[in-house]
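Novice: Attaching a predicted model along with its sequence, questions to come.
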Amino acid sequence: MHDAVATFFGGYETAGIGRRRPLRVRWVPVALGVAVICLFAFVAADVSAYTSSTVAVNVTSVSWYAEGMLLTTVAGFSLHTSQTTTLTLSCDSICYRFNGATVSAPFTFVSFSVVNEPVQYTNVTVRAPSSAYVGPVTISLTIG
């Protein structure tokens, strides 16, 4: 019996009867892809855990004082324990030159800044307590 396909070189490969070439997998792109997928999974889990955690600090109101005189009281807010936030007081008409601030316990003072143009803004950054808290916050500004 005569096989017409086998008579020339490479006949079986073109007919689909020969051995297949082994599949070459490039391991570097596969490992990089798996690492990126794992990184995204860990970041998503961290964000989910942080946003779903209970809010432990509930500030009922923020009162701003200057030299013992009440300037204003604004609505409160909520945040996580040990988180920092910046509280802002704006002045449209008669403004004082503030040069420092203190904050009531259990909050801790972090920083103070004043922006004078176009409207005076007094920014006080505070850190929330490390344990649960519900109540007001008092900020006392010093005039200088």
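Specialist: Done, it's in. Treat the numbers as computed from the prediction; the structure is a model and nothing was measured. Numbers count the residues shown, from 1 in each chain.
Novice: where exactly do the strands run in this structure?
Specialist: Taking DSSP state E, the strands of the chain run over residues 57-66, 69-79, 84-91, 98-103, 108-115, 120-127, 133-143.
Novice: how about the ones you listed in TSV, adding distance to Val25, mean neighbour count and mean pLDDT?
Specialist: No exception for glycine: its C-beta is placed from N, CA and C like everyone else's. Output for these, formatted as TSV (distance: least, Cβ to Cβ, whole Å; neighbours: other Cβ atoms under 10 Å; pLDDT from 0 to 100):
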stretch	distance to Val25	mean neighbour count	mean pLDDT
strand 57-66	52	17	93
strand 69-79	49	12	91
strand 84-91	48	15	90
strand 98-103	60	17	90
strand 108-115	53	14	92
strand 120-127	51	19	92
strand 133-143	56	16	93
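Novice: Tell me which of those sits nearest to Ser48.
Specialist: Comparison of these against Ser48 by Cβ to Cβ identifies strand 69-79 as nearest, at 18.2 Å.
Novice: before we move on, back to that, can I get the strands of the chain in CSV including distance to Val43?
Specialist: Formatted as CSV, the strands of the chain follow (distance: least, Cβ to Cβ, whole Å):
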stretch, distance to Val43
strand 57-66, 25
strand 69-79, 22
strand 84-91, 22
strand 98-103, 33
strand 108-115, 27
strand 120-127, 25
strand 133-143, 29
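Novice: Tell me which of these lies nearest to Val36.
Specialist: The closest of the strands of the chain to Val36 is strand 84-91. By Cβ to Cβ, the value is 31.3 Å.
Novice: What pairs with that closest one, parallel or antiparallel?
Specialist: The strands that strand 84-91 pairs with in its sheet are strand 120-127 (antiparallel) (by DSSP bridges).
Novice: how far is the strand it pairs with from where the chain is centred?
Specialist: Computed by Cα atoms, centre = their mean, to the nearest Å, the chain-centroid distance of strand 120-127 equals 20 Å.
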